[in-house]
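Participant: fold the following.
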Amino acid sequence: MKDMPESLAARTGAILLLAHVLREGRMLGDGASGLDGPAAARALRLAGLVLRHMGRADALLKDKMARQPAAKIRDILRLALVEIFEDGAAPHGVVNDAVAMARMSPRTYKQAGLVNAVLRGLSEDRSAWDALPAPALPAWLRKPLAKAWSRPRLEAIEAAHLTGAPLDLTPKGDIPEDRQIEGAVTLSTGSLRLSGGQVSTLPGFAEGDWWVQDAAAAMPARLLGDVAGLRVLDLCAAPGGKTMQLAAAGAQVTALDISGKRLRRVHANLTRTGLSAEVVEADAFAWQPDAPFDAVLLDAPCTATGTIRRHPDLPHLRESRDVETLTQLQYRLLDRALTFVKPGGRLVFCTCSLLPVEGEHQISAALKRHDGLTVDALDPEAFGLPPEAASAHGLRLLPDLWPQFGGMDGFYMAVLRRPSGDTPLPAA
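Facilitator: Residues are numbered from 1 along each chain as shown. Prediction:
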């Protein structure tokens, strides 16, 4: 692609990335566009934009085409429509590049005329695009969400996914006056929010004043309150946002994760911010600490459906069978994590999922399994959250919360407390 104009190269790269996600089942960030530098970044952004609006593009195309074209042609058409109607690209240049991409392969060369005709017809009527609703989530996710949160709430969540996500930062402490970030707004939860920007060029990045972390993801560590001097285990710690929060608050943190590759990010983040923690690469089911902890934070592996607004590839990669596998792992990890907590100590359980089976139901089941285990009452307003964030046993955050501020990721979190004394827990 090195001999192509940058616009055509970026669009061609985006088509490759879409194929990686839709036909190879790879995460968007794991795909290779064949580009580097600004063109690679643009290709990634365009592919993500298409995945976010793909349902709308398909609805528009369905009325104009008697039958489905080849997969690559369909992706070219999707990309062109999304660029024109959502990215504000000039239709003439978009259509020309779409035709050029169709002509690149002998398999699709003869469909270049179709691409030209369809796009020139559709690009003239923006009203049809504007009238389309937000794309529906896949059935395996939509059905349980409608049951849990009501259909109007589900539609609000889908609309929130369509708008994407702002950039949230967690400050290490007070940021010096000369490194304040222009345009940043301090949310009531303590996070800084920006409309976007190149992270590494923002004031305070090199100095380690802050790290990127959605406002919702920053809440679980705050549920522990004053942790200065406490021994705290961050279980499933990578990439380290919660580890840094706890370390910055004065805790003696052990960050444990099974993935050495992901832990490299924890080391890098700690180095940049000048914070310290004991970092351990181990399987939680095999590892045993020298002594129990005052508190444990378990951000359990989950479907990550709460992050769809920033990861639009997820609905195309997950399936209903993933839920059962992950809920079983959460069940086992929660029981194992409780064995690391000293009597009277606390465990924060959280998942970035929209599904109650990965949140509220896990806590209800744990309370039934363990005699004497209790859950702390949480007032959302005490943590800067609106009253509607209250949920069974904990806090429930959804993407449509705070629409006036740009929403937040979906998360569930609760604080469990082990009984004092010598009440044993079943082995995990």
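Participant: buried ones in the helix or strand in which G345 is found?
Facilitator: Counting by DSSP states H and E, the element that carries G345 is strand 341-351. Along strand 341-351, the positions that meet the burial threshold by neighbour count (16 or more other Cβ atoms under 10 Å) are V341, G345, R346, L347, V348, F349, C350, T351. C-beta: built from backbone N, CA, C; applies to glycine.
Participant: out of those residues, what pair is the most spread apart?
Facilitator: G345 and T351 (20.7 Å; Cβ to Cβ).
Participant: tell me where the stretch 1-150 of the chain has helices.
Facilitator: All helices of the stretch 1-150 of the chain, identified by DSSP state H, counting those that start in this stretch, fall at 6-24, 37-62, 71-86, 91-102, 112-122, 126-130, 139-149.
Participant: can you redo those helices as JSON lines with mean pLDDT and mean neighbour count?
Facilitator: What follows is the helices of the stretch 1-150 of the chain, written out as JSON lines (pLDDT from 0 to 100; neighbours: other Cβ atoms under 10 Å):
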{"stretch": "helix 6-24", "mean pLDDT": "94", "mean neighbour count": "21"}
{"stretch": "helix 37-62", "mean pLDDT": "94", "mean neighbour count": "19"}
{"stretch": "helix 71-86", "mean pLDDT": "97", "mean neighbour count": "23"}
{"stretch": "helix 91-102", "mean pLDDT": "96", "mean neighbour count": "19"}
{"stretch": "helix 112-122", "mean pLDDT": "94", "mean neighbour count": "17"}
{"stretch": "helix 126-130", "mean pLDDT": "93", "mean neighbour count": "12"}
{"stretch": "helix 139-149", "mean pLDDT": "94", "mean neighbour count": "16"}
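Participant: tell me which of those sits nearest to S276.
Facilitator: Closest of the helices of the stretch 1-150 of the chain to S276 is helix 37-62, at 32.7 Å (criterion: Cβ to Cβ).
Participant: need the nearest residue in space to R265, chain neighbours excluded.
Facilitator: Counting by Cβ to Cβ, 6 or more residues apart in numbering, P239 is the residue found nearest to R265 once chain neighbours are left out, at 4.2 Å.
Participant: coming back round to it: show me what the strand holding G345 is packed up against.
Facilitator: Strand 341-351 is packed against helix 219-222, strand 293-299, helix 320-338, helix 360-369, strand 411-417, with contacts defined by 3 or more Cβ pairs under 8 Å, 6 or more residues apart in numbering; DSSP states H and E.
Participant: pipe those into JSON lines and attach mean neighbour count, mean pLDDT and distance to P144 per row.
Facilitator: As requested, these are arranged in JSON lines below (neighbours: other Cβ atoms under 10 Å; pLDDT from 0 to 100; distance: least, Cβ to Cβ, whole Å):
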{"stretch": "helix 219-222", "mean neighbour count": "26", "mean pLDDT": "98", "distance to P144": "23"}
{"stretch": "strand 293-299", "mean neighbour count": "25", "mean pLDDT": "98", "distance to P144": "22"}
{"stretch": "helix 320-338", "mean neighbour count": "17", "mean pLDDT": "95", "distance to P144": "8"}
{"stretch": "helix 360-369", "mean neighbour count": "17", "mean pLDDT": "97", "distance to P144": "11"}
{"stretch": "strand 411-417", "mean neighbour count": "26", "mean pLDDT": "98", "distance to P144": "14"}
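Participant: save those as TSV, and put in distance to M4 too.
Facilitator: Listed next are those as TSV, based on distance: least, Cβ to Cβ, whole Å:
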stretch	distance to M4
helix 219-222	45
strand 293-299	42
helix 320-338	38
helix 360-369	50
strand 411-417	42
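Participant: returning to that earlier point: how near is the residue nearest to R265 to S259?
Facilitator: As for P239, its distance to S259 is 10 Å (criterion: Cβ to Cβ, to the nearest Å).
Participant: swap in K72?
Facilitator: 34 Å.
Participant: what does P292 give?
Facilitator: Taking Cβ to Cβ as the measure, P292 falls 24 Å from S259.
Participant: likewise for L298?
Facilitator: With distances defined as Cβ to Cβ, the gap from L298 to S259 amounts to 16 Å.
Participant: next: F285.
Facilitator: When Cβ to Cβ is applied, the distance between F285 and S259 equals 15 Å.
Participant: more neighbours, the two?
Facilitator: S259 (13 against 10; other Cβ atoms under 10 Å).
Participant: tell me who's in contact with the nearest residue to the more buried one once chain neighbours are set aside.
Facilitator: Take S259 and drop its neighbours on the chain: the residue closest to it by Cβ to Cβ, 6+ apart is A238, 6.1 Å away. Contact criterion Cβ atoms under 8 Å, 6 or more residues apart in numbering gives A255, D257, S259, R262, L263, R265, V266 as the residues in contact with A238.
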